[in-house]
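>>> Predicted model, plus sequence, below.
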Amino acid sequence: MAKLVLMTALLLAVLVAACTAKPDGAYQAQPQQLPTNIEQNIAQEQPPQQVQIVQEEKPHEEGAQDRFYYVSRLHWPRMPVTYFIENEEGCGRYEANRIRRAFRDISNATGNAVLFAQANDSGSADIEIRCTFIEDCYELSTDIRDDYVIRTETICQHPLGITKTLAEGNRLTKAYIEMVGLAGFAETKHEGPSGFYVGTCGHTTTEIHELLHAFGYGHSEDNSSIMSPEADVFGLTIQREGACKGSTKAIDAAIVAELVNTYSGKAGN
Ligand SMILES: [Zn+2]
């Protein structure tokens, strides 16, 4: 039995349900922090005898490890799912609030079947979130004509969010979310609006999209889906009229139903 547990810990399957959409050239993705294989480290650090003792102390480990063991699709083994915003100060109040709004939006949509709680540190969190900023992506140009001035703001195409999700079998074990804002605004230069607001429409669609990646959902080819890959990438002239119209998306009814089914304990599969 001890061997079995050890083997399971070592045979940690890595699943990357990542937003891999990388617009050409505009943004050089920073090297992702390599996901730490936490369970593997624990198993290696402990001498085998200790593993045995731990197991004797927790005879019902299997059930305790996965509250939703009967669910065959990818799922988190417990509720609430915990998160930690690694550089909350760096994210700035605007984006930190928006991330928390996204948690509430998901909880509300699922009638609180899905809940989030803040972890004490990134190591113990199910979902680690951090904010990064890209340089030289925003441009303001002024075109002076005879009797009027055209000001155009342009934002390079860049990823808005990148998520990596790890799983062991059908159990999700860790997720890393990176939210990407523009440098040169409130968070980096202490002036102007938030670098997470400029060029976006202020809603939580991207945050929710990334969080759903962290729940094991991949991209959808359906443009009306919140899992359409366009939620990950941004690139347009922000003064284009109507750019925000229809850009906010509700979570797909099918995803909501599946989340409720999984985490309210009613699930058959
Ligand atoms: Zn995505």
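All right, it came through fine. Numbering: from 1, shown residues only.

>>> All the strands of this structure, in order from the start?
Assigned strands in the chain, in chain order: 81-85, 116-118, 127-134, 138-144, 149-155, 158-159, 161-168, 171-182, 233-234 (criterion: DSSP state E).

>>> can you redo the ones you listed as TSV with mean neighbour count?
The way it works is simple: take the backbone N, C-alpha and C, and place the C-beta from them, glycine included. What follows is the strands of the chain, written out as TSV (neighbours: other Cβ atoms under 10 Å):
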stretch	mean neighbour count
strand 81-85	21
strand 116-118	15
strand 127-134	22
strand 138-144	10
strand 149-155	13
strand 158-159	21
strand 161-168	22
strand 171-182	24
strand 233-234	20
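
>>> Can you say which of the ones you listed is nearest to the ion?
strand 161-168 (6.6 Å; Cβ to the ion).

>>> what helices or strands is that closest one leaning on?
strand 171-182, helix 205-214 (3 or more Cβ pairs under 8 Å, 6 or more residues apart in numbering; DSSP states H and E).

>>> From Glu178, how far out is the closest residue to the ion within the stretch 151-269 of the chain?
Closest residue of the stretch 151-269 of the chain to the ion, Cβ to the ion: Asp232 (4.0 Å). The gap separating Asp232 from Glu178 is 11 Å, by Cβ to Cβ, to the nearest Å.

>>> list residues touching both of the two?
With contacts defined as Cβ atoms under 8 Å, 6 or more residues apart in numbering, the residues adjacent to both Asp232 and Glu178 are Gly161, Ile162.

>>> Regarding this structure, what is its longest helix?
helix 88-109 (DSSP state H).

>>> CA atoms only for that one, dumped as CSV, please.
Provided in CSV are the C-alpha atoms of helix 88-109 (Å, rounded to 0.1, in the frame of the first residue of the first chain):
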residue,chain,number,x,y,z
GLU,A,88,-0.6,41.4,-5.2
GLU,A,89,1.0,44.8,-4.8
GLY,A,90,2.5,44.5,-8.2
CYS,A,91,-0.8,43.6,-9.7
GLY,A,92,-2.3,46.8,-8.3
ARG,A,93,-5.7,47.3,-6.7
TYR,A,94,-7.5,47.4,-10.0
GLU,A,95,-6.4,44.0,-11.2
ALA,A,96,-6.5,42.3,-7.8
ASN,A,97,-10.1,43.5,-7.5
ARG,A,98,-10.9,42.2,-10.9
ILE,A,99,-9.5,38.8,-10.1
ARG,A,100,-11.6,38.6,-7.0
ARG,A,101,-14.7,39.7,-9.0
ALA,A,102,-14.0,36.8,-11.3
PHE,A,103,-14.1,34.4,-8.3
ARG,A,104,-17.4,35.9,-7.3
ASP,A,105,-18.8,35.7,-10.8
ILE,A,106,-18.0,32.0,-11.0
SER,A,107,-19.4,31.3,-7.5
ASN,A,108,-22.6,33.3,-8.4
ALA,A,109,-23.0,31.5,-11.7
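
>>> Identify each buried residue in it, please.
Neighbour-count burial for helix 88-109, counted by 16 or more other Cβ atoms under 10 Å, picks out 90-92, 94-96, 98-100, 102-103, 105-106, 109.

>>> between the residues you listed, which is nearest the ion?
Once Cβ to the ion is applied, the member of the buried residues of helix 88-109 that ends up nearest the ion is Ala102, at 13.7 Å.

>>> List the contacts of the closest residue to that closest one other than its chain neighbours.
Spatial nearest neighbour of Ala102, excluding adjacent residues (Cβ to Cβ, 6 or more residues apart in numbering): Glu207 at 3.5 Å. By Cβ under 8 Å, 6+ apart, the contact set of Glu207 is Arg98, Ile99, Arg101, Ala102, Gly161, Met179.

>>> give me the low-pLDDT residue ranges for the stretch 101-250 of the chain?
Counting by pLDDT under 70, the stretch 101-250 of the chain shows low-confidence ranges at 234-241.

>>> ok, which residues in it are in contact with the ion?
Asp232 (Cβ under 5 Å from the ion).
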